[in-house]
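A.B. asks: structure for the following, please:
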Amino acid sequence: MLEQRIQQQFFDSADLKYAAAELLARPIANAVQALVGCITAGGKVLVCGNGGSAGDAQHFAAEFVGRFERERPGLAAVALTTDTSILTAIGNDYDFNSIFSKQVQALGAPGDVLLAITTSGNSGNVLAAVDAAHARDMTVVALTGRDGGRMREALGETDVHVCVPHERTARIQEVHLLVIHCLCDAVDLLLLGEQDNS
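C.D. replies: Okay, the predicted model is just below:
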């Protein structure tokens, strides 16, 4: 019984990835173009999310600053989820919904990209960061799930929305991780060209 349940988790995850591949390929490609345009112009990527999405934010920043699968110079990315002094100071002095937006106001510049991750699309502090990014003339790439939530209305025409068509948070997060790996792989492809495996 337990092994069957575990196997079903694998099957459900795989089924969603197959179903989402065609739907998400174009918005992911659009997100890659936004990221490459930002980086090649000397900009940076700010990344935010809560809980598991905070882990995804840090994962993305690590792949950008360090490397993904190929050697290259580090790319500028900052996870807004990691500095406990900043997070607790802003949370205490203002409110929890300001923990990312205050950092975007301080660190963001025109031409930068905000990668905003929220499985529901309704995280108040992530939505506040999107508003702050727009005020700084930044492009937003949003990773959401379900129906996109309030994020769908918060995004502008030049922003990119990658919305995973599923209701379960765990399944959405699994696809978000794959999306992050797709972004990193495709950015490296556009910056470095095809890899010579000969």
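A.B. asks: please, where are all the helices along the chain?
C.D. replies: All helices of the chain, identified by DSSP state H, fall at 2-40, 52-65, 84-93, 101-107, 124-135, 151-154, 169-192.
A.B. asks: distance from the chain centre to the shortest one, please.
C.D. replies: Taking C-alpha atoms, centre = their mean, to the nearest Å, one finds the center of helix 151-154 at 15 Å from the center of the full chain.
A.B. asks: show me what that helix is packed up against.
C.D. replies: Contact analysis of helix 151-154 by 3 or more C-beta pairs under 8 Å, 6 or more residues apart in numbering; DSSP states H and E lists helix 124-135, strand 139-145, strand 160-164 as its packing neighbours. Quick note: C-beta positions are derived from backbone N, CA and C, even for glycine.
A.B. asks: would you mind finding the most buried of these?
C.D. replies: Neighbour counts (mean count of other C-beta atoms under 10 Å) averaged over each of the helices and strands packed on helix 151-154 peak at strand 139-145, with a mean of 27.
A.B. asks: for that one, packing partners?
C.D. replies: helix 2-40, strand 113-117, helix 124-135, helix 151-154, strand 160-164, helix 169-192.
A.B. asks: one more time with 7 Å
C.D. replies: Here strand 139-145 is seen to pack against helix 2-40, strand 113-117, strand 160-164, helix 169-192 when contacts are counted using 3 or more C-beta pairs under 7 Å, 6 or more residues apart in numbering; DSSP states H and E.
A.B. asks: please identify the deepest-packed of these.
C.D. replies: strand 113-117 (a mean of 29).
A.B. asks: so for it, what's the average pLDDT?
C.D. replies: In this model, strand 113-117 has an average pLDDT of 99.
A.B. asks: alpha carbons of that strand, as PDB, please.
C.D. replies: Provided in PDB are the C-alpha atoms of strand 113-117 (Å, rounded to 0.1, in the frame of the first residue of the first chain):
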ATOM      1  CA  VAL A 113      14.400  41.400 -13.400                       C
ATOM      2  CA  LEU A 114      12.300  40.300 -10.500                       C
ATOM      3  CA  LEU A 115      11.700  36.500 -10.400                       C
ATOM      4  CA  ALA A 116       8.600  36.200  -8.200                       C
ATOM      5  CA  ILE A 117       7.700  32.700  -7.100                       C
END
